Every structure is written in structure tokens, then in C-alpha cells.
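Trainee: With the sequence up front, the predicted model follows.
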Amino acid sequence: SLTPPLMKVIADGYHLLVELEDMGPAFQFCVLYWKKGQESRMQQKVVKEVRSVVHLDTMEAGPDYCVKAQTYVEVINRSSSFSQTQCVRAQGGTPMWLVTALISAGFAVAALTLSFLTWKTSKIFQYSCCPVAVLPDTLKVSEPPTQLILYGSEEAEQCDLMVCVIPSEEVLRLWIQ
């Protein structure tokens, strides 16, 4: 009977890798891998040549991934029993909730900063373009504007009556003196 292969399961970041012993060119390996607790969704990979390390899958942060393998020789149509199951977890993974929390906090800070800058800019424009100034009492209008218009037109008419036309020679003579 065939012996199961010696294997080493490696988690390199988010990559699930397996290192199998090289038993010769006639040997193939059937490698089964799955997320721990989800044995019904087991995946299979047939390795015909053992180079060094075989990439099985890209892992998610959190769950453990398990691997087992068996040796198969096609010429005699025989396979070994499965090796012992080995499980690993993705290394150096930042939990998804932490990433989500950091992104949310960044958006909140950006929104608050944008709101503050908008408010401050509107205040600067308000003080620059529309300053609040108190008029002195001499410039305040005490009568309704319609009365002011009437007074203005009467004075203009009186001025028209007082206009005197002086000939240019006389203006020149008065100016030279």
C-alpha cells in the first residue's frame, strides 16, 4: 500500500500554500482544502509535479483553512489514505471591522472639516462684502423717502430759475483780473 505524502501547510499573508514531499515522477497528489467548519464545500487540486510550493487559494482574514493530501500512482491505479489534516490561519490580517471603522472615521473627519471650512469662508465673505456698519445720526433719514424726492425736485426747479448765462468774453475778462 502507498503511504500518504509528507506535507507542510503554510500561510503566507493571505495565500494558502502547501509543500509536498517529492516522491518521484510517477506520483501525483490529490490535495483537498476547505475553510474550517465548511467541510461540505471542500475543494480539490491535483498536483502532477512537485516543484517546491503549491499555491492552493487566497484566504480571507479570520477563518482557519485546512488541508489534507493523498498520494496517487496512475500506472497501478492506486492511492494512499489521506494525510493528517493541517490547519492554518491568514497572518497579519487586519480585521474587516477595524478597516471599516477607520474609513468611517476618516469620512466623518473630512465632513466636519469641510463643514467648518464652508462656514468660516461664508463668514469671511459676509464680513468682507456685506459688513455690518452703523450709520451716523447725520446720515440717517428721518422723513419718508417720498418727501425727500419732492424736496429734491423743488430745489432743482429753483436752481433752474437762477441760472445766468455770461458771454465768454466777459468770463475771460473776469478770469484775467
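Mentor: Yep, that arrived. Numbering: from 1, shown residues only.
Trainee: the helices in the chain, which residues?
Mentor: 96-129, 145-161, 168-176 (DSSP state H).
Trainee: Report the distance from the last one to the chain centre.
Mentor: Meaning helix 168-176. How far helix 168-176 lies from its chain's middle: 82 Å, per Cα atoms, centre = their mean, to the nearest Å.
Trainee: quick one: least confident helix or strand in this structure?
Mentor: helix 145-161 (a mean of 55; mean pLDDT, DSSP states H and E).
Trainee: Just the pLDDT at the residue nearest to the spatial centre of the chain, thanks.
Mentor: For the chain, the residue sitting closest to the mean C-alpha position, by Cα atoms, centre = their mean, is I103 at 7.0 Å. pLDDT, I103: 93.
Trainee: what do you get for the one 3 residues further on?
Mentor: Reading off the confidence values, G106 has pLDDT 94.
Trainee: number of nearby residues for it?
Mentor: Neighbourhood size, G106 [other Cβ atoms under 10 Å]: 10. No exception for glycine: its C-beta is placed from N, CA and C like everyone else's.
Trainee: do the one 4 residues further on as well
Mentor: Summarising burial for A110: neighbours were counted as other Cβ under 10 Å, giving 10.
Trainee: Likewise for A11?
Mentor: So A11, with other Cβ under 10 Å, has 18 neighbours.
Trainee: what are the bridge partners for the nearest residue to it once chain neighbours are set aside, then?
Mentor: Counting by Cβ to Cβ, 6 or more residues apart in numbering, A11 lies nearest to V88, which is 4.1 Å off, once chain neighbours are set aside. Beta bridges link V88 to Y65, judged by DSSP bridges.
Trainee: So which of the helices of the chain is nearest Q70?
Mentor: Smallest distance to Q70 across the helices of the chain (Cβ to Cβ): 34.6 Å, for helix 96-129.
Trainee: so how far is that closest one from its chain's centroid?
Mentor: On Cα atoms, centre = their mean, the centre of helix 96-129 falls 14 Å from the chain's centre.
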